[in-house]
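>>> Quick one: sequence and predicted model below, then my questions.
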Amino acid sequence: MQPSPLQCFAAGQDEPAPQRFALAVYGGAFDPPHAGHASVICRALETSEQVLVVPSYRHADAKRMADFDLRCAWVERLAARFGDRVRCCSLERELGADGRVIYSVDLLSCLAERYGLPGERLALVIGEDNLTRLKTFHRAAELRQRFGLVVADEEMTVHSSAIRAMIAAGQAIPEAWQLPEIQADMTIYRSAM
């Protein structure tokens, strides 16, 4: 299946247009990261000087996830394949230390401040499925007004939940879904489910 065309939206704009961002921010559980995530990172690099991959500190729906430090280590290994333009960012641990929910707009605001960048130079990376529900995001109007948006679908549809279930059931994971960088660690899901 071919991914949808890459779409970029400037801050405050409703129509896609070619953009170049200083920083693209790709958040998710990454529990575990897989080849679909790698394809999104690759596509985000087409529009941005640097991509920060940000593992969720806690799941919005209070679902259990693999240890945060382990997921960060996995993302760091994945990022290494792209060189110095892709990095893991563990900022959500700091932002969520007091137990509060971490919203995309707050994460991007903090990153803009720390990197000394105007909001329009940052973009949130989402899949096309999230584009239709973007208006339901916390402070959605502020998010769209202040920050850019990169809509980059995975080149293959892979779900981390399917990978976890297959491992728990003792089934082989299709090779195309796997990331060799983390394959040895996947046994944690055998006992976790």
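On my side now, so go ahead. Source: prediction; values computed, not measured.
>>> Against A73, how distant is A184?
Computed with Cβ to Cβ, to the nearest Å, the distance linking A184 and A73 is 12 Å. C-betas here are computed from N, CA, C, even on glycine.
>>> Between these two, which is the more surrounded one?
Taking neighbours as other Cβ atoms under 10 Å, A184 and A73 compare with A73 leading, 16 against 7.
>>> where does the protein have its least confident helix or strand?
Counting by mean pLDDT, DSSP states H and E, the chain has its least confident helix or strand at helix 188-192, which shows a mean of 66.
>>> how close does the nearest residue to D31 once chain neighbours are set aside sit to A29?
Distances taken as Cβ to Cβ, 6 or more residues apart in numbering place M65 nearest to D31, at 4.6 Å, with adjacent residues excluded. For M65, the distance to A29 equals 6 Å [Cβ to Cβ].
>>> shared neighbours of those two, anything?
Here M65 and A29 share the contacting residues S56, H59, R71, scored by Cβ atoms under 8 Å, 6 or more residues apart in numbering.
>>> quick one, what contacts the second one?
Right, H59. Going by Cβ under 8 Å, 6+ apart, H59 touches A29, M65.
>>> again with the first one
S56 makes contact with G27, G28, A29, F30, M65, E92, I102, according to Cβ under 8 Å, 6+ apart.
>>> try the last one
By Cβ under 8 Å, 6+ apart, the contact set of R71 is A29, F30, D31, P32, P33, P55, M65.
>>> Tell me which two in the residues you listed are the farthest apart.
Farthest-apart pair in the contacts of R71 is P33 and M65; separation 12.1 Å (Cβ to Cβ).
>>> So for the two, which sits in the more crowded spot?
When P33 and M65 are compared for neighbours, P33 comes out ahead with 25 against 19, by other Cβ under 10 Å.
>>> which non-adjacent residue is nearest C8?
Q19 (3.9 Å).
>>> For this protein, which segments are assigned as helices?
Applying DSSP state H to the chain gives helices spanning 35-44, 68-80, 91-95, 104-115, 128-131, 140-146, 160-168, 188-192.
>>> Quick check: which of these is nearest to Q178?
Distance to Q178, taken as Cβ to Cβ, is lowest for helix 35-44 among those, at 6.7 Å.
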